[in-house]
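*Asks:* 3D, please:
(2 chains)
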Amino acid sequence: QKEVEQNSGPLSVPEGAIASLNCTYSDRGSQSFFWYRQYSGKSPELIMFIYSNGDKEDGRFTAQLNKASQYVSLLIRDSQPSDSATYLCAVNPYSGGGADGLTFGKGTHLIIQP
Amino acid sequence: EADIYQTPRYLVIGTGKKITLECSQTMGHDKMYWYQQDPGMELHLIHYSYGVNSTEKGDLSSESTVSRIRTEHFPLTLESARPSHTSQYLCASSESNIEQYFGPGTRLTVT
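*Replies:* This next block holds a predicted model:
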């Protein structure tokens, strides 16, 4: 049974601070990892993906992957109220990043306090 | 902006009715997916397709069925709706093996 675990929150972070979102996964064969943002009542949208151990940065977002620890995280720098949303972690066992068999976590509800 | 559409957006229907949820994309993507998501819960993959005439069941067992006769169209059908089918249904498509584009979803309520 593939599992993706996230703290459901809510995680409350002051505006301008760094928000840190964490995710662990059970399938050691997982090869690609995704972070989606989902606003209330809306569909998920992809914000980051990562395949290799280490950090990947895109603007204010940094994804971090540690396959030995089966751990992936998302850092949001200079948090803005518009970052308030649920962040879904998803993993896929195929290195090509194909969405077949994507397993999603329950998501972490992030609140950025002005 | 992704061009993937779902209709209806909201549906309230009685037990035992047959329903079809429509999903269409204009991007020419080969891969399409159906997910089910209850409020505050994770997304569960219920069906996917690699292309025309290809359909596979996902991780979550579902009483629904799908068809893929045309690349752009991936409808989901429930032959006899039950209250346990009440949920949000999200359709997605993908070409690059990286990004999935999600439709706006259909919120289904079975009374």
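
*Asks:* Surely B:R9 and B:T106 touch.
*Replies:* Yes. Checked against CB atoms under 8 Å, the pair B:R9 and B:T106 is within contact range at 6.2 Å. Yep, even glycine has a C-beta here, placed from its N, CA and C like the rest.

*Asks:* if you count what's nearby, which of those two comes out ahead?
*Replies:* Neighbour tally, B:R9 and B:T106, criterion other CB atoms under 10 Å in any protein chain shown: the higher count belongs to B:T106, 21 against 11.

*Asks:* Next, count neighbours for the closest residue to chain A within chain B.
*Replies:* Nearest residue of chain B to chain A, counting by CB to the nearest CB: B:F102, 3.7 Å away. Residue neighbour count, defined by other CB under 10 Å, stands at 23 for B:F102.

*Asks:* so who does the nearest residue to it once chain neighbours are set aside touch?
*Replies:* Counting by CB to CB, 6 or more residues apart in numbering or on different chains, B:F102 lies nearest to A:S43, which is 3.7 Å off, once chain neighbours are set aside. Residues near A:S43 by CB atoms under 8 Å, 6 or more residues apart in numbering or on different chains: B:L90, B:F102, B:G103, B:P104, B:G105.

*Asks:* Can you tell me the number of residues neighbouring the third one?
*Replies:* Same thing as B:G103. 26.

*Asks:* where does it land on pLDDT?
*Replies:* For B:G103, the model assigns a pLDDT of 95.

*Asks:* wait, isn't it in contact with B:T7?
*Replies:* No. Contact criterion CB under 8 Å: B:G103 and B:T7 do not qualify, at 9.4 Å.

*Asks:* Does A:L74 have any beta-bridge partners, and if so which?
*Replies:* A:L21, A:A63 (DSSP bridges).

*Asks:* Now do the closest residue to A:N92 other than its chain neighbours: how many residues are near it, please.
*Replies:* Using CB to CB, 6+ apart and skipping residues adjacent in sequence, the residue nearest A:N92 is A:S32, 4.6 Å away. Counted with other CB under 10 Å, residues neighbouring A:S32 total 22.

*Asks:* All set, thanks.
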